[in-house]
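Participant: structure here, sequence nowhere to be found:
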């Protein structure tokens, strides 16, 4: 009599998984889960498909979380663990940033991320199990000058996540909520945030730009961590543990 054992892998969906912390985390768990690697553009999709082409347990998808058509693809998936990682940033002082950039920053980082969470949560609540891991930032606790918009979105994420955890506890849900609050890591995202804000001619701060740039270079060169392991290991813990901590910093 032959006994056939079927191992069913838990399904993890990562948003914003082209590079950075999400990509590094996937490398650490890619042999133990069925993973949906989702990215923002078709160009990025081509890159990740090539990267993971040898893995039958990895499915790559385009997922622009601000796009209704893309979000409709997710509603049919049965996800065990969501790692909500999509983010964007526009730099600049809150005194002069284009209000449309500020609005878009909140649209991506807050509104669309939590809309995605609502979609995933709907199925999780039906089976009363699952895990939602939300990427915030220490910038949401300690705002960074000239990255006001990004810091404000991360502060909003922190408050909404705390509220979500309390609300699910009220209905005795067994769904686990985790929040990751990284500091500065060398992924390329920080450089993009710092560099996309300068307007040499029209800024109120044009006479201070050299000082501002000097301070930011100090942050990038001396504070930014090159080794991602200290935070990716914590993300892996949040994924692996049956009862993970609420916050990993």
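Facilitator: It's in. Owing to the predicted nature of the structure, the values given are computational and were not obtained by experimental measurement. Numbers count the residues shown, from 1 in each chain.

Participant: which ones are touching the spatially most central residue of the chain?
Facilitator: What sits nearest the mean C-alpha location of the chain, by C-alpha atoms, centre = their mean, is residue 85, with 1.3 Å. Listed by C-beta atoms under 8 Å, 6 or more residues apart in numbering, the contact partners of residue 85 are 14, 15, 16, 17, 20, 21, 22, 135. Placement of C-beta: from N, CA and C, glycine included.

Participant: mind doing that once more with 7 Å?
Facilitator: Residue 85 is in contact with 14, 15, 16, 17, 22, 135, counting by C-beta atoms under 7 Å, 6 or more residues apart in numbering.

Participant: which one's the longest helix in the chain?
Facilitator: helix 148-170 (DSSP state H).

Participant: just the contacts of residue 85 now: which is nearest residue 229?
Facilitator: residue 22 (14.5 Å; C-beta to C-beta).

Participant: which SS state does the closest one fall under?
Facilitator: Under DSSP: H, G, I helix; E, B strand; the rest coil, the three-state class of residue 22 is helix.

Participant: test my guess that it contacts residue 13.
Facilitator: No. Residue 22 is beyond contact range of residue 13, at 10.6 Å (criterion: C-beta atoms under 7 Å).

Participant: which neighbours do those two have in common?
Facilitator: residue 83.

Participant: which residues of this structure fall in strands?
Facilitator: 11-14, 34-39, 58-62, 81-84, 131-135, 176-180, 247-248 (DSSP state E).

Participant: tell me the strands beside the last one, with direction?
Facilitator: Okay, so that is strand 247-248. With DSSP bridges as the test, strand 247-248 is paired with strand 176-180 (parallel).

Participant: the partner strand to strand 131-135, inter-axis angle?
Facilitator: 20 degrees (axes from the mean of the first three to the mean of the last three C-alpha atoms, to 10 degrees).

Participant: can you list contacts of strand 176-180?
Facilitator: 131-136, 158, 161, 164-165, 168, 234-235, 238, 244, 246-248.

Participant: give me the mean pLDDT for it.
Facilitator: The average pLDDT for strand 176-180 rounds to 97.

Participant: how far does that strand sit from its chain's centre?
Facilitator: Its chain's C-alpha centre and that of strand 176-180 lie 12 Å apart, by C-alpha atoms, centre = their mean, to the nearest Å.
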